[in-house]
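# Sequence first, predicted model second:
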Number of protein chains: 2
Amino acid sequence: MLEDVLKTIDGRRDQSIALLKEFLSIPSVSAQPDHKPDMQRCAQWLADQFRFAAMDVAVMPTKGTFDKLSAGHPAVVAKNKHQPGRPTILLYGHYDVQPPEPLEQWKTGPFEPTIRDGAIYARGAADDKGQVWAHVEAIMAWQAHGGPPINLTVIIEGEEEIGSDNLGAFFKEHRDALRADLAVISDTNQFAKGLPAITYGLRGLCYAEVFITGPSHDLHSGLFGGAVVNPANFLCEIVASLHDDKGRVTIPGFYDDVVALTETERAMWRRLPFSEDEFAKGVGLKKGTGEEGYSSIERKWARPTCDVNGITTGYQGPGAKTIIPSTASMKISMRLVPDQDPEKIQVAFEKTIRAKCGDQVQVKFVWHGASKPVLVPIDSRPMQFAAEAVEQGFGVKPTMMREGGSIPVVGLIKQALGIDTLLVGFGLPDDRVHSPNEKFDLDSLYKGTRSAAVLYQKLSQLK
Amino acid sequence: MLEDVLKTIDGRRDQSIALLKEFLSIPSVSAQPDHKPDMQRCAQWLADQFRFAAMDVAVMPTKGTFDKLSAGHPAVVAKNKHQPGRPTILLYGHYDVQPPEPLEQWKTGPFEPTIRDGAIYARGAADDKGQVWAHVEAIMAWQAHGGPPINLTVIIEGEEEIGSDNLGAFFKEHRDALRADLAVISDTNQFAKGLPAITYGLRGLCYAEVFITGPSHDLHSGLFGGAVVNPANFLCEIVASLHDDKGRVTIPGFYDDVVALTETERAMWRRLPFSEDEFAKGVGLKKGTGEEGYSSIERKWARPTCDVNGITTGYQGPGAKTIIPSTASMKISMRLVPDQDPEKIQVAFEKTIRAKCGDQVQVKFVWHGASKPVLVPIDSRPMQFAAEAVEQGFGVKPTMMREGGSIPVVGLIKQALGIDTLLVGFGLPDDRVHSPNEKFDLDSLYKGTRSAAVLYQKLSQLK
C-alpha cells in the first residue's frame, strides 16, 4: 500500500508544484491589515484542498473577534474520517507569512512564485506553506489509496507570524475536537542540504526588561560626577557580573536543573559537517565565543544563555551631552535548556539583581512571556518512527539535532492538549526565511512529501 | 578714593536695579533664531552702558559671518583709557541667555524681571547678566571718581550658551587688542548664602563616543545566542572593568599626574557647611557614592571620574525582540583634575579599551572636544587680591573652592591669550540657572558690585 502511495506522489510532482504556486501566490501577510481579505482567501483556498482530500473542513474564526483588524485570522481545521482504535495525530502548520518588505531586494515578486535552480522562490515558500504543502500532498496521495491509516486532525493557523496570540484560547475552546495522541509540526530545517534532521530539543526563554533608577533627574556630570551613583555604569556592572570568566552565568542555581549533554549526543553532533571557522565567518566574526568547554553547536543547542537584547540610557543624540542619567534600562533574555524552569529562573534572576542593587539604585522588572525548553527522548517510539520515515523519504539517515530557538506552539500544545510534538522539518538553513528571496527546494518538497506519507504509516503503529 | 567709589555704589542701588531690569527684559536667547534682532538690541543696549562709563566701545561681529542665523552673535568690547604702567585686566562675561522654556513653569514672565523676597527673577538674572551688571556698576562708580585704576578690557560675548564656537577665533583675530595680564570672570557661585567664594580649580574633560561591532548583522538570539559575542554584554563588561571595587578608575596611568589634595584644602572644605545626607537627598538618593576615602565635596571638586553619559544598543522599542545586536555604542566622559592631560588620558583610554576588545569585537572612537583642568595656586597674588576684595565687598572672608564642571572659556583664554583667569562669582547654588524661575539675589548684586570695585583697586597693585 505505501509503495502505491509513493508512486502516486511520484506521478503528481508537477501538479504538486503547480498547486503550491497557487498557494504561494496569495499574499497572506497576517501583520498587514490591507491583506485581511487575502488571509480569508488563503484560508478558503487551503480548505478546498483538504476537501479534495475528502476531509471534513472548517474555516474557524479565532477569538470570536474575527471582525477586528488586528487579529482573528481564521484557522483551517480538517479531519479525515476518524476510526476507533487508530492513533490520532494533530498536524500543525501555518498559512500566514512574514511581510515581504524590502520589496526592491527580491529578484522576482514575493507573490509571483518562480522556479530557479531547482527551488521555488516566494514569500512563505519554506516558512511554512511549502512544508504544509508536503503534508497536503501526502494526504492526497494516501486518499487515492483509501486514506491515511491514522486519525488525522490538521490545524493550519493564520497568526503564527504575529505571535499566535489567539491559539492558546483556540486550543482550549476546541480541546475535545483537537484531542490527539501526538502532534507533528513541519516548520524546522534539515541540518544541511542532503542531511535531513529530526529536531528533538528546543531551548526555552525568559525575557525581562530591567529598569534602574538612580538620581531623581539627570544630573550635570561636572557638578555631580564622581559623587553619585551613575545608573548607566551601574547597569553595566550588573550585566558584567552575570557571567564569570568561563562564560558561565553566575545567577545562583541557574544550572541546577540543566540536563547535561550525553556523550552520545556530543559524539553525534561532532560528526555533523560543521566548521567552527565558517560558522564565525558567516556572521562576520573571527571566532565563536561562549561557555568554556563546549563547541558552538553545543552552545547553541544545549546550553543556556543570558544575552542583552537592548539597552537604553542617557543621551543618544548627536554630539556630547554631559549628564549622569537618572535611569538606565535593558531588555535581557535567558535561553533555557531542559529541565530549567522559566518561573524558577525568573525568581533567581530578580533576586540576584535586587541583591546587587541594594540601596544604591531602585530596580523594577517587567517580564515578556516565557517558554519552557523541550526535549523529546531520542529513543522514544515517535522519534524512531520519524527517523525511519525521513530515512525512507530522503534516502538518507537523518541526524538528530536540537535547535537554539523556541517554538512557542510546542508549549501551547503541551499545555492545552497535554501531548508532545514531533518536529520533522524539511527547510534548509539557506532558505532565507523572513528575508527577501525566500525559497524552498523542490527536492525538499518532493522528499518531504514522501517522508510525510511514510510517517503517517509508521505512526499508525503508535497504539 | 575707594571709599568714595563704594559710597557712589550705595547711592546708585535703586538705579542699578532699574538698569538691570532693562538688561534682563531683552530676550537675548542666542539659541533661537527668532531672537536674532533681540541679540543685536541687547548688544547695543549694553554698549551704550559702557559708553555712559566713558569707555571706547565696539559691537563686533564674530566669525565675520554675522549674517548667518546659526551663529555670529556680536561681542561687546569696551576699554577705558589704557595708561602705560598699569596692569591690564580682561573682564569676560556673556549677555546671551538660555532659552526660557518651559514657560508655564515661570511664576512671572522670564523677560518681565520681577522682584520677590529680595531677589530679581528673570532668565539670565544670575547667568550671567546680573553678574555682568555688578561689574558695569562698579566701572560706572569708578568713573564718577576718575575711572578705574587699571587698564580694563571688557568682552561680553553673545554665544556662551551655544558653546562659544566663535570665541577662540575671535580671541586669536583680536589678540593684540585683547592683550592683558589677567582675566576675571564672574560666572560662578558663592558656596552658600552668606558664604562667598573664590573658585580656584575646575575639572577638565575628555568626552568619547565608543562604537563596538560584533556580528555583521543583528542575529536571532535563539539560533546564535551563547555561541557568538554579544556586543551589548561586551560593552557592559568594558564599562564595568573601568572601575575597581574602591571606585577608582582602572585605566593604567590614569592617576599618574593627579595632584593630591593637600591637608590644607581638605581641612578647609571640611569646615564648609555641607551635609552628606542633604546632598544625597537633594538628588533623590539614599547616600553619595564614589571613590573610597573621599568626601562628596572632594569627589566632585578634586577627583577624576569616568562616567557613562549614554548607551545605545539593540532593540529599544516596546515589548520583546530576541536579537543579539550587531553593534553597541556609548558616550562616556572623564572629568579630569590637575595635572591630568586630556591628550594623554585619551591615548590611555583607547589603549585600554582596544586591549579588552582584542579580536572579539571591532572598536571605533570619536572624541568630542577636551578641556584641561584648571588650578590657580591659592596663595598667588591675584587670588589674594580677589579674596581681600570679596571680604571687603561682602563683609565675610570668602572660602576657597573648586568646581567639578569645566568653564571652557578659561581654557580658550589661556590658549589664545596666554593668561590665567580669576573666577570671582556672585551667584548662589539655588539661583536655578538654566531652569524656570532663575533669580539673582539683590544682596549678591550689591555686594558683588562692591567686590568688583574693590578688586579693581587691588589689581592695580599687580604690576
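Sure, I can see it.

# what sits against residue A:46?
A:23, A:76, A:95, A:132, A:136, A:156 (Cβ atoms under 8 Å, 6 or more residues apart in numbering or on different chains). Yep, even glycine has a C-beta here, placed from its N, CA and C like the rest.

# now do residue A:51
Applying Cβ under 8 Å, 6+ apart, the residues near residue A:51 are residue A:57.

# again with residue A:187
By Cβ under 8 Å, 6+ apart, the neighbours of residue A:187 are A:93-94, A:127-128, A:131, A:407, A:423, A:425, A:427.

# And the pLDDT for it?
At residue A:187, the model reports a pLDDT of 95.

# Okay, residue A:78 and residue B:363: tell me how far apart.
56 Å (Cβ to Cβ, to the nearest Å).

# what does residue A:155 give?
50 Å.

# So those two - more neighbours on which side?
Comparing residue A:155 with residue B:363 by other Cβ atoms under 10 Å in any protein chain shown, the one with more neighbours is residue A:155, at 25 against 20.

# Can I take it that the more buried one is in a helix?
No. Counting by DSSP: H, G, I helix; E, B strand; the rest coil, residue A:155 is located in no helix; its state is strand.

# is it true that it touches residue A:178?
Yes. Counting by Cβ atoms under 8 Å, residue A:178 is a contact partner of residue A:155 at 6.9 Å.

# still on that earlier bit, out of the contacts of residue A:46, name the ones that lie in strands.
A:76, A:156 (DSSP state E).

# Now for the contacts of residue A:46: which two are most distant?
Comparing every pair within those by Cβ to Cβ identifies A:23 and A:76 as the most remote, at 11.8 Å.

# any residues in contact with both of the two?
A:46, A:95.

# And those two? Which one has more around it.
Taking other Cβ under 10 Å, residue A:23 and residue A:76 do not tie; residue A:76 has more neighbours (26 against 22).

# Now do the same for that one: its pLDDT.
pLDDT at residue A:76 comes out at 97.

# Just to check, it is in contact with residue A:156?
Yes. Using Cβ under 8 Å, residue A:76 is in contact with residue A:156, at 4.5 Å.

# joint contacts of these two?
A:46, A:95.

# Find the nearest non-adjacent residue to the residue nearest the centre of chain A, please.
Taking Cα atoms, centre = their mean, the centroid of chain A lies closest to residue A:407, which sits 3.6 Å from it. Using Cβ to Cβ, 6 or more residues apart in numbering or on different chains and skipping the chain neighbours, the partner closest in space to residue A:407 is residue A:202 (5.8 Å).

# what separates the one you found from residue A:265, distance-wise?
In terms of Cβ to Cβ, residue A:202 sits 15 Å off from residue A:265.

# Need the overlap of contacts for residue A:155 and residue A:178.
A:77, A:90.

# Test my guess that residue A:114 contacts residue A:122.
Yes. Taking Cβ under 8 Å as the definition, residue A:114 is a contact partner of residue A:122 at 7.3 Å.

# okay, those two: which has more neighbours?
residue A:122 (29 against 16).

# residues contacting the more buried one?
Contact partners of residue A:122, counting by Cβ under 8 Å, 6+ apart, are A:21, A:24-25, A:110-114, A:438-439.

# Check for me that residue A:10 belongs to a helix.
Yes. The assignment for residue A:10 is a helix, going by three-state DSSP.

# Nearest residue to residue A:308 in space, please, no chain neighbours.
Nearest to residue A:308 is residue B:232, by Cβ to Cβ, 6+ apart, at 3.7 Å.

# what about the one you found, how many neighbours?
Other residues within reach of residue B:232, judged by other Cβ under 10 Å, total 31.

# count of neighbours near the residue lying closest to residue A:131 once chain neighbours are set aside?
Closest residue in space to residue A:131, ignoring its immediate chain neighbours: residue A:186 at 4.1 Å, by Cβ to Cβ, 6+ apart. Applying other Cβ under 10 Å, we find 24 residues neighbouring residue A:186.

# what's near enough to touch residue A:186?
Counted by Cβ under 8 Å, 6+ apart, residue A:186 has contacts A:93, A:128, A:131-132, A:134-135, A:423-426, A:448, A:452.

# Can you lay out these as JSON lines showing pLDDT and neighbour count?
Below are the contacts of residue A:186 laid out as JSON lines (pLDDT from 0 to 100; neighbours: other Cβ atoms under 10 Å in any protein chain shown):
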{"residue": "A:93", "pLDDT": "98", "neighbour count": "24"}
{"residue": "A:128", "pLDDT": "96", "neighbour count": "27"}
{"residue": "A:131", "pLDDT": "98", "neighbour count": "27"}
{"residue": "A:132", "pLDDT": "98", "neighbour count": "25"}
{"residue": "A:134", "pLDDT": "98", "neighbour count": "29"}
{"residue": "A:135", "pLDDT": "98", "neighbour count": "26"}
{"residue": "A:423", "pLDDT": "97", "neighbour count": "26"}
{"residue": "A:424", "pLDDT": "97", "neighbour count": "30"}
{"residue": "A:425", "pLDDT": "96", "neighbour count": "23"}
{"residue": "A:426", "pLDDT": "98", "neighbour count": "31"}
{"residue": "A:448", "pLDDT": "98", "neighbour count": "29"}
{"residue": "A:452", "pLDDT": "98", "neighbour count": "29"}
